[in-house]
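Participant: here are the coordinates; sequence isn't available:
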């Protein structure tokens, strides 16, 4: 009987210690929310690039490794380390393929689900959403483009197109399944808490389709005379922006090229422009009903006021001027993706709130005030919203093009991040691409190798 009493006490203490131990497993996200961590590499301080790269490399080996590797791949590209960026993004893409190929739930997966149920969604390993994956393929294509590897560029652009097709095929089934799973829960009672999220998500038609990637791909195919492929991608970009007359002009131009109508003595200068910082997830409190009353929980969200304002980049070349236009509102993509996940997250929150309440009640019954205090402390510490997302991405991905006479041309760039000037080669029927990023109040421009001739 004495042994049974000892074992009973051990079980009670285990009940108190276990959640605290689980909280420690998610300590990085609990005590320093991801947006706070990301500031060091989104806006790196002068002279700290090497230490930030080392930090991201270490974090890339952990539970949320794919998120940190995405950040690292983009940071390396912006530092001009295209070879290193290509290696990192290759690891990221391998991670996508490995994750997608997993058909069985592993023990570690079960442990993560249990931890998420007792703590919060930060305990779940990070899984990159479709819009982040498509940007990865786009950036990897730019890495191959910068290296002059036409075949590698084509492969990554086709991967991006395939990822968008697959996401489109699966999305309707996924949303239907989410509706089925959440049928017992009255979601209408939470509608008021998601008004800002709904407004932010409403700026785009889907959570993954990316006209910027379609446009980049179309430019590449057109430069290499693959007019059918170029026409398909220009049309897909136009479907997402049906009001854009300049995209209609692109469709008409490539249609004429298919009929053999091609201008001589000119080439194309195109600018792709990454402006601003994608907004981070915010935290809001939701009242979740339990059998014993309401339980306040933390939930991630976005608002229409959290992002920056879209501003074009103007470029002047050979006596002509043109502007970039927004092709991807990345913050809206992120918001729509979160809105699609919200029903499943709410289900987990309801189960979590009930579990935490029962844990607190049990501790109070068995240990009195001390037990209640410990579990209340655990609930307070662990109640943090999952604010993880790829924060190195721009707020807006823009693009523009202009046709100019062949020869060496100077291009003047002017935008909200300042001014820049580059000299570019222009070849007949070829494409010269200028990749511009606006970071920390300044423009950084690089000229990629000219694309021309058959693949």
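Facilitator: Yep, that arrived. All figures in this text were calculated on a predicted structure; none of them were measured in a lab. Numbers count the residues shown, from 1 in each chain.
Participant: contacts and neighbour counts: CA atoms only from here.
Facilitator: Noted.
Participant: now do the buried residues in stretch 308-317.
Facilitator: 308, 310, 311, 312, 313, 314, 315, 316, 317 (16 or more other Cα atoms under 10 Å).
Participant: now the end-to-end length of it.
Facilitator: The straight-line separation of the ends of stretch 308-317 (Cα to Cα, to the nearest Å) is 28 Å.
Participant: give me the packing partners of the one helix or strand residue 273 maps to, helices and strands only.
Facilitator: Element membership for residue 273, per DSSP states H and E: strand 266-275. Here strand 266-275 touches strand 396-405, strand 418-426, strand 431-439, going by 3 or more Cα pairs under 8 Å, 6 or more residues apart in numbering; DSSP states H and E.
Participant: ok and that strand relative to strand 418-426, angle-wise?
Facilitator: Counting by axes from the mean of the first three to the mean of the last three Cα atoms, to 10 degrees, strand 266-275 lies at 150 degrees to strand 418-426.
Participant: next, the buried residues of strand 266-275.
Facilitator: Here strand 266-275 shows 266, 267, 268, 269, 270, 271, 272, 273, 274, 275 as buried, counting by 16+ other Cα under 10 Å.
Participant: repeat that for stretch 35-43.
Facilitator: 35, 38, 41, 42.
Participant: quick one: the first one and residue 387 touch, right?
Facilitator: Yes: the criterion here is Cα atoms under 8 Å, and residue 35 meets it with residue 387 at 7.0 Å.
Participant: shared neighbours, these two?
Facilitator: 280, 281 (Cα atoms under 8 Å, 6 or more residues apart in numbering).
Participant: need the helices and strands packed on strand 266-275 in TSV with mean pLDDT, mean neighbour count and distance to residue 246, can you?
Facilitator: Output for those, formatted as TSV (pLDDT from 0 to 100; neighbours: other Cα atoms under 10 Å; distance: least, Cα to Cα, whole Å):
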stretch	mean pLDDT	mean neighbour count	distance to residue 246
strand 396-405	97	22	9
strand 418-426	95	17	21
strand 431-439	94	22	17
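Participant: now residue 227: how far from residue 258?
Facilitator: Distance from residue 227 to residue 258, by Cα to Cα: 6 Å.
Participant: ok, these two, which is more surrounded?
Facilitator: With neighbours defined as other Cα atoms under 10 Å, residue 227 and residue 258 compare such that residue 227 has more, 21 against 15.
Participant: where does pLDDT dip in the stretch 201-350 of the chain?
Facilitator: 290-294 (pLDDT under 70).
Participant: now the strands for it?
Facilitator: 266-275, 282-290, 293-301, 314-317, 320-323, 325-329 (DSSP state E, counting those that start in this stretch).
Participant: and the ones you listed: which comes nearest residue 427?
Facilitator: strand 266-275 (5.3 Å; Cα to Cα).
Participant: what about that closest one, distance to the chain center?
Facilitator: Relative to the centre of its chain, strand 266-275 is centred 23 Å away, using Cα atoms, centre = their mean, to the nearest Å.
Participant: neighbouring strands of that strand in the sheet, and parallel or not?
Facilitator: Strands that pair with strand 266-275, judged by DSSP bridges, come out as strand 396-405 (antiparallel), strand 431-439 (parallel).
Participant: buried sites along the longest helix seen in the chain?
Facilitator: For the chain, the longest helix by residue count, based on DSSP state H, is helix 330-367. Neighbour-count burial for helix 330-367 flags 330-340, 342-343, 345-350, 352-357, 359-364 (criterion: 16+ other Cα under 10 Å).
Participant: with stretch 93-101 instead?
Facilitator: 93, 95.
Participant: contact partners of it?
Facilitator: So stretch 93-101 is contacted by 66, 128, 136 (Cα under 8 Å, 6+ apart).
Participant: out of the residues you listed, the closest to residue 164 would be?
Facilitator: residue 136 (12.3 Å).
Participant: residue 439 reaches residue 416, doesn't it?
Facilitator: No: using Cα under 8 Å, residue 439 and residue 416 do not qualify as a contacting pair, with a distance of 10.2 Å.
Participant: OK, contacts around the closest residue to residue 270 other than its chain neighbours?
Facilitator: Excluding the flanking residues, the one nearest residue 270 by Cα to Cα, 6 or more residues apart in numbering is residue 401, at 4.1 Å. By Cα under 8 Å, 6+ apart, the contact set of residue 401 is 268, 269, 270, 271, 322, 323, 324.
Participant: at 10 Å instead, please
Facilitator: 219, 246, 250, 268-272, 315, 321-324, 431-434 (Cα atoms under 10 Å, 6 or more residues apart in numbering).
Participant: who touches both of residue 439 and residue 416?
Facilitator: With Cα under 10 Å, 6+ apart as the test, residue 439 and residue 416 both reach 275, 276.
Participant: before we move on, the earlier item: residue 239: which of the helices and strands packed on strand 266-275 is closest?
Facilitator: strand 396-405 (16.2 Å).
Participant: report the angle between the axes of that closest one and helix 330-367?
Facilitator: Using the same axes, to 10 degrees: strand 396-405 against helix 330-367 is 160 degrees.
Participant: give the buried residues for stretch 228-248.
Facilitator: 229-238, 240-241, 247-248.
Participant: out of those residues, which are inside helices?
Facilitator: Those of the buried residues of stretch 228-248 lying in helices (DSSP H): 229-238, 240, 247-248.
Participant: related to what we said a few turns ago, turn the helices and strands packed on strand 266-275 into CSV, columns for distance to residue 54.
Facilitator: Shown next, in CSV, are these (distance: least, Cα to Cα, whole Å):
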stretch, distance to residue 54
strand 396-405, 28
strand 418-426, 30
strand 431-439, 21
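Participant: nearest to residue 143, out of the ones you listed?
Facilitator: strand 431-439 (11.2 Å).
Participant: just checking, what packs against the helix or strand just after the closest one?
Facilitator: Sequence-wise, the next helix or strand downstream of strand 431-439 (DSSP H and E) is strand 442-447. On a contact count with 3 or more Cα pairs under 10 Å, 6 or more residues apart in numbering; DSSP states H and E, strand 442-447 meets helix 65-78, strand 266-275, strand 407-415, strand 418-426, strand 431-439.
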